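Enquirer: Provided below are the primary sequence and the corresponding predicted coordinates.
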Amino acid sequence: MEYRQLGRTGLKVSEFCLGTMQFGWTTDEASAVQVMDAFVNAGGNFIDTADIYTTWGPRGLAAGGESEEIIGRWLKARGNRGELVVATKVRGRMSQGPNGEGLSRRRVIACCEDSLRRLQTEHIDLYQCHWVDLETPIDETLSALDDLVRSGKVRYIGASNYPAWRLMEALWQSDRHGYARFVSYQPQYSLMERAGFEIEAMPLCRHHGLGVIPYSPLACGFLSGKYRRGVNVESIRAGEVRELYAHERGFALIDELERIGRAHGKTIAQTAFAWMLTNPVVTAPIIGANDGRQLQDALGAAGYRLSPAEMESLHALTKYPKNWRPIWD
């Protein structure tokens with residue numbers, strides 16, 4: 001597996017980041033341990049989680065922090081904390097009441113302490129604002145994050161799901177006040193979801209040197225290869241996925257991914273990952289797996305890159321708006 005620099009830092013991360021949203025939800029702890037062991041054995045060193053994983057399940061807020069706890073127990077058992085880059089997030093609701101969510105100074109500092117305890121570590125390598133909080137002044141959030149960096153509890157900070165204008169405001173305020181600066185950005189991004197990142201945020205990340213860690217690179221599993229014309233897929237998110245992507249344009253894309261993949265001896269999913277890995281703005285796509293088999297299929301894309309002609313054929317099937325071209329062309 002290749003390693004890439006995370007933004008304008010000296011930190012090297014693997015070309016894939018292991019996502020853990022499923023830990024404690026569709027993946028029990030024993031399976032999660034197998035997935036993390038397999039990821040590290042394959043050369044992966046970058047693990048992403050969040051404090052709210054997985055509060056949307058039947059246990060609600062009581063399940064908050066479960067993914068972090070699973071990772072923390074694994075880190076302690078393996079004794080490999082120093083070899084890994086661990087990222088987590090803050091913003092979502094973790095308790096009832098008016099201060100149970102958001103990016104106020106009080107919450108950012110308190111939630112960081114909680115994440116450190118659950119992860120059983122003395123520092124978080126990358127602490128990310130999970131999504132924007134427009135009710136809290138940006139300088140209040142950045143000041144709190146800066147204090148965490150200066151204290152050594154956080155090494156670097158990043159943002160996820162921020163609109164480009166707020167991301168730019170955060171960079172400006174950090175430069176203006178001398179605060180720690182966002183070094184990375186985590187957007188939703190895939191061949192089925194290009195515009196939200198590419199039109200505004202991608203040029204910003206390229207110009208300012210932010211590392212890009214896209215989530216849902218397989219479009220919630222639609223580009224995994226299991227969604228085909230006339231095939232009934234049974235999964236927790238199958239209904240949502242079919243409604244969003246199971247149309248002729250989506251199936252035409254899958255056909256083209258399959259055609260390109262066959263020429264390389266690769267799968268549909270691996271070719272979708274290769275499209276993203278070929279983009280020089282992307283640092284490390286986030287991959288999720290419920291078991292070792294799913295993980296190995298994703299890691300089969302390590303080092304796999306597409307030619308300009310192959311990239312163009314995929315862009316032609318997902319183009320928007322008229323006459324727009326991606327920045328790396």
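Expert: Cool, got the structure. Residues are numbered from 1 along each chain as shown.
Enquirer: residue 246 versus the residue of the chain most remote from its centre, what's the distance?
Expert: Distance from the C-alpha centroid of the chain peaks at residue 230, with 30.6 Å (Cα atoms, centre = their mean). Using Cβ to Cβ, to the nearest Å, residue 230 is found at 11 Å from residue 246. Placement of C-beta: from N, CA and C, glycine included.
Enquirer: how about residue 82?
Expert: From residue 82 to residue 246 the distance is 44 Å (Cβ to Cβ).
Enquirer: ok, the two, which is more surrounded?
Expert: Neighbours per residue, other Cβ atoms under 10 Å: of residue 82 and residue 246, the larger number sits with residue 246, 17 against 7.
Enquirer: where does the residue nearest to that one when sequence neighbours are not counted fall, secondary structure wise?
Expert: Leaving aside its sequence neighbours, residue 246 sits nearest to residue 227 (Cβ to Cβ, 6 or more residues apart in numbering; 6.2 Å). Using DSSP states H and E, residue 227 falls within no helix or strand.
Enquirer: which ones are touching residue 227?
Expert: Going by Cβ atoms under 8 Å, 6 or more residues apart in numbering, residue 227 touches 221, 233, 241, 242, 245, 246, 250, 254.
Enquirer: ranges for the strands of the stretch 151-300 of the chain?
Expert: Applying DSSP state E, counting those that start in this stretch to the stretch 151-300 of the chain gives strands spanning 154-160, 182-186, 211-212, 286-287.
Enquirer: so can I have CSV of those showing distance to residue 68?
Expert: Below are those laid out as CSV (distance: least, Cβ to Cβ, whole Å):
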stretch, distance to residue 68
strand 154-160, 15
strand 182-186, 17
strand 211-212, 22
strand 286-287, 16
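Enquirer: could you dump these into CSV with distance to residue 6, mean neighbour count and mean pLDDT added?
Expert: Formatted as CSV, the strands of the stretch 151-300 of the chain follow (distance: least, Cβ to Cβ, whole Å; neighbours: other Cβ atoms under 10 Å; pLDDT from 0 to 100):
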stretch, distance to residue 6, mean neighbour count, mean pLDDT
strand 154-160, 7, 23, 98
strand 182-186, 6, 25, 98
strand 211-212, 4, 25, 98
strand 286-287, 13, 22, 98
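Enquirer: so which of these gets nearest residue 117?
Expert: strand 154-160 (14.3 Å; Cβ to Cβ).
Enquirer: helices or strands up against the closest one?
Expert: strand 124-129, helix 138-151, strand 182-186 (3 or more Cβ pairs under 8 Å, 6 or more residues apart in numbering; DSSP states H and E).
Enquirer: in JSON lines: the ones you listed, plus distance to residue 237.
Expert: Below are the helices and strands packed on strand 154-160 laid out as JSON lines (distance: least, Cβ to Cβ, whole Å):
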{"stretch": "strand 124-129", "distance to residue 237": "23"}
{"stretch": "helix 138-151", "distance to residue 237": "31"}
{"stretch": "strand 182-186", "distance to residue 237": "19"}
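Enquirer: list the buried ones in the lowest-mean-pLDDT helix or strand in the chain?
Expert: Every helix and strand of the chain was ranked by mean pLDDT, DSSP states H and E. The lowest is helix 238-245, at a mean of 85. By neighbour count on 16 or more other Cβ atoms under 10 Å, the buried set for helix 238-245 is 238, 241, 245.
Enquirer: may I see these organised as JSON lines, with distance to residue 301 added?
Expert: Formatted as JSON lines, the buried residues of helix 238-245 follow (distance: Cβ to Cβ, whole Å):
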{"residue": "238", "distance to residue 301": "23"}
{"residue": "241", "distance to residue 301": "20"}
{"residue": "245", "distance to residue 301": "20"}
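Enquirer: which of the residues you listed lies closest to residue 151?
Expert: For these, the nearest to residue 151 is residue 241 (42.1 Å; Cβ to Cβ).
Enquirer: what lies in contact with stretch 200-215?
Expert: Against stretch 200-215 from outside (Cβ under 8 Å, 6+ apart): 4-9, 13, 17, 19, 48, 87, 158, 160, 162-165, 167-168, 171, 182-190, 197, 276, 281-286, 326-327.
Enquirer: across the sheet, point out what pairs with the residue nearest to the spatial centre of the chain.
Expert: Taking Cα atoms, centre = their mean, the centroid of the chain lies closest to residue 215, which sits 3.6 Å from it. Bridge pairing for residue 215 (DSSP bridges) gives the partners residue 188.
Enquirer: how much space between it and residue 284?
Expert: According to Cβ to Cβ, residue 215 stands 11 Å off from residue 284.
Enquirer: which one of the helices and strands packed on strand 154-160 lies closest to residue 44?
Expert: Nearest to residue 44, of all these, is strand 124-129, at 14.0 Å by Cβ to Cβ.
Enquirer: off-centre distance for stretch 204-222?
Expert: Mean-position distance between stretch 204-222 and its chain equals 7 Å (Cα atoms, centre = their mean, to the nearest Å).
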